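>>> model the structure of this input:
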Amino acid sequence: MDNFGFLSILPPVLAIILALRTKQVYISLVFGIWLGWLIINDWNFLDGTIGTLNGFVDVFKSPGNTRTIMFSALVGALLLFIQYSGGVQGFVNRINKILNRYEKKQSGKSRVLVQLFALATGLLLFIETSISALTVGTLYRPIFDKLKIPREKLAYITDSSSAPSSILIPFNAWGAFIMGLLITQGIESPLATLGSSLIYNFYPMLTIILIVIIILSKKDFGPMAKAERRTRETGKLLNDGARPMISDTITSCEMKKGVAPKAMNMILPIATMIFMMPITLAYTGWGSVDEYSSVFNHFAGAMGQGSGSSAVLYSVTASIFVAMTMYRIQGIMKLRKMVEVTLKGISELMPLALLMMLAFSISDVCNTLGTGNYVAHFSKGWLSPEFLPMVIFMLSAFIAFSTGTSWGTFAIMMSIVVPMAQLHEANLYLVIAATIGGGVFGDHCSPISDTTIISSMASASDHVDHVKTQLPYALLIGGITALLYLLLGFIM
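Sure, this is the predicted structure:
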């Protein structure tokens, strides 16, 4: 069966509904994947089941998938290292000193200040969304816990500051990927085109503005307001029965006795990971670009051709190596203890690695079924130029929501929307912005998105609770953005 039509949207929709209803993300994904393979194999139970198992194995045929899963596991080792060494406690002590000084001048404002710190950190780490989410969640979780700020709020700030900053400051793998897609559509100046579209990329801009408003006004709504009230009245950071995306071993690892807490034991390994991102991006793409007139231009071009999955894996590995070297010099741990901590950290994050594997697997199923192409082509015949930006935004959001990948959405939609914009003589910059913003919007709403998963993990939040509390905020901004695209579609 070459065209699965409406059936192609059933597996991701089933997985999402089950995840939201049951809170069993793993089982929900497995059922969605299994349904997909049943459809692919003409509803043959045996072939569908075997296809599901083979689909899990085939995830690792992709080097990019394998590197991302390895990165997710190694993150556990890094988290244990920086806690055992006293790095996290040292950083917490520094932030507490700042908060205490501020508290003396502005009583009761510490909760506001630390949330603004977390937001600013997420925005500054625009190099890579995974690193941004990992860093914000790891650094600020102990401080949020101390100030009785619910884990769902940390996950929201973590998730909603990572992708928006990465997409608004395109000098990273995100920008390189989108520019590559524009080149395939015959766009001669992809950087200028992408830059011109950013002023119309309302969703990420409004998302950041809303976070600031929520923090400063202290006015939450929907499930997040209930989470804030729960923490304020009972002191509980999570709902009863919640399943944090990270184990107690990772979140409550105590530092070595007798070690003086030093913020540098955390800051330097994290800084190494951030610094290595552009270096390793350029390294992996160095041989893929022609010679430029200057080393800087060659470096920038190489970054655009680099492998994002390779860069995050190499960066976290370099970070762990720097941490090991620092802690050995300080006498905090010897090689045997380093190996023990590394293996324990990896083992504790195996659930996350498994979840990433399932997310990749359902994405492969959606690609095989043609879910994205079906949704995109379904609307081609009845779109008018005025409605084009709004509908493209909503279609991109639905595809990203159903597949859990904004990058996959960009890849699917760019090949469709650029020719459509040219055919209907619509504003190309507006259409490109709608595609990008819709991908990020759907990604924010989707429980099977990798950035949503990593945000829950780094914040030690229940994953489904994170999705539920973030959803009203994302839907509000998504609705406003859709109306703006509708208005501009008639004006421009």
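>>> what strand or helix carries the residue nearest to the spatial centre of the chain?
Against the mean C-alpha coordinate of the chain, by CA atoms, centre = their mean, the closest residue is T451 at 1.9 Å. Secondary structure from DSSP states H and E places T451 in helix 450-459.
>>> show me what that helix is in contact with.
Outside helix 450-459, the residues that touch it by CB atoms under 8 Å, 6 or more residues apart in numbering are 68, 72, 75, 129-130, 133-138, 141, 151, 154-155, 158-159, 162-163, 245-246, 349, 352, 355-356, 359, 404-406, 443-444, 446, 461-463, 466-467, 470. Just so you know, the C-beta spots here come from the backbone N, C-alpha and C atoms, and that holds for glycine as well.
>>> again with stretch 211-227
The contact list for stretch 211-227, computed with CB under 8 Å, 6+ apart, reads 112, 115-116, 119, 150, 152-153, 156-157, 160-161, 228, 239, 465, 468-473.
>>> which among these end up buried?
Taking 16 or more other CB atoms under 10 Å as the criterion, what is buried in those is 112, 115-116, 119, 150, 152-153, 156-157, 160-161, 228, 239, 465, 468-471, 473.
>>> just the ones of these in strands?
Among those, no member falls in strands (DSSP state E).
>>> residues in contact with the residue lying closest to K148 once chain neighbours are set aside?
Ranked by CB to CB, 6 or more residues apart in numbering and with sequence neighbours excluded, the top spatial neighbour of K148 is T231, at 5.2 Å. Counting by CB under 8 Å, 6+ apart, T231 touches K148, I149, P150, L237.
>>> which one (most neighbours) among the residues you listed?
Ranked by neighbour count (other CB atoms under 10 Å), these have P150 at the top, with 27 neighbours.
>>> report pLDDT for it.
The model reports P150 with a pLDDT of 93.
>>> I figured it hits R230, correct?
Yes - with contacts counted by CB atoms under 8 Å, P150 reaches R230, the gap being 6.9 Å.
>>> after the helix or strand of the chain with the lowest mean pLDDT, next one along is what?
Between all helices and strands in the chain, the lowest mean by mean pLDDT, DSSP states H and E belongs to helix 248-251, at a mean of 56. Using DSSP H and E, the helix or strand that follows helix 248-251 in sequence is helix 264-285.
>>> mind listing what's buried in that following helix?
Neighbour-count burial for helix 264-285, counted by 16+ other CB under 10 Å, picks out 265-270, 272-274, 276-285.
>>> equivalent analysis for stretch 398-415, please.
398-414.
>>> do the same with stretch 483-491
Across stretch 483-491, burial judged by 16+ other CB under 10 Å covers L484, Y485, L486, L488, G489.
>>> the helices in the stretch 101-250 of the chain, which residues?
Using DSSP state H, counting those that start in this stretch, the helices of the stretch 101-250 of the chain run over 110-124, 129-146, 151-168, 173-184, 190-197, 202-217, 223-234, 248-251.
>>> go through the ones you listed and name the closest to Q330.
Checking those against Q330 by CB to CB gives helix 129-146 as the closest, at 20.3 Å.
>>> name the helices or strands packed onto the closest one?
When contacts are defined as 3 or more CB pairs under 8 Å, 6 or more residues apart in numbering; DSSP states H and E, helix 129-146 sits against helix 63-84, helix 87-105, helix 110-124, helix 151-168, helix 264-285, helix 308-329, helix 450-459.
>>> can we see that at 6 Å?
helix 87-105, helix 110-124, helix 151-168, helix 450-459 (3 or more CB pairs under 6 Å, 6 or more residues apart in numbering; DSSP states H and E).
>>> and those helices as TSV, adding distance to F81?
Below are these laid out as TSV (distance: least, CB to CB, whole Å):
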stretch	distance to F81
helix 87-105	8
helix 110-124	20
helix 151-168	20
helix 450-459	15
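>>> so which of those is nearest A421?
helix 151-168 (19.2 Å).
>>> what does that closest one contact?
Helix 151-168 is contacted from outside by 118-119, 122-123, 126, 129, 132-133, 136-137, 144, 172, 174, 204, 207-208, 211, 227, 237-238, 440, 451-452, 455-456, 459-461, 465-466, 469-470, using CB atoms under 6 Å, 6 or more residues apart in numbering.
>>> quick one: it to helix 190-197, angle?
Angle of helix 151-168 versus helix 190-197, following axes from the mean of the first three to the mean of the last three CA atoms, to 10 degrees, is 130 degrees.
>>> just how off-centre is helix 151-168 within its chain?
8 Å (CA atoms, centre = their mean, to the nearest Å).
>>> cool, and stretch 363-372?
Remark: stretch 363-372 is offset 20 Å from the chain centroid, using CA atoms, centre = their mean.
>>> same deal with stretch 342-349?
So, by CA atoms, centre = their mean, the centroid of stretch 342-349 is 21 Å from its chain's centroid.
>>> got the contacts of T231 as CSV, with distance to W37 columns?
CSV is the format used below for the contacts of T231 (distance: CB to CB, whole Å):
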residue, distance to W37
K148, 45
I149, 42
P150, 38
L237, 39
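>>> quickly name whichever of the residues you listed is closest to V339.
V339 lies nearest to L237 out of the contacts of T231, by CB to CB, at 32.2 Å.
>>> what is the burial count for the closest residue to the closest one other than its chain neighbours?
Excluding its sequence neighbours, the residue lying closest to L237 (CB to CB, 6+ apart) is R151, at 5.1 Å. As a burial measure, R151 scores 29 neighbours (other CB under 10 Å).
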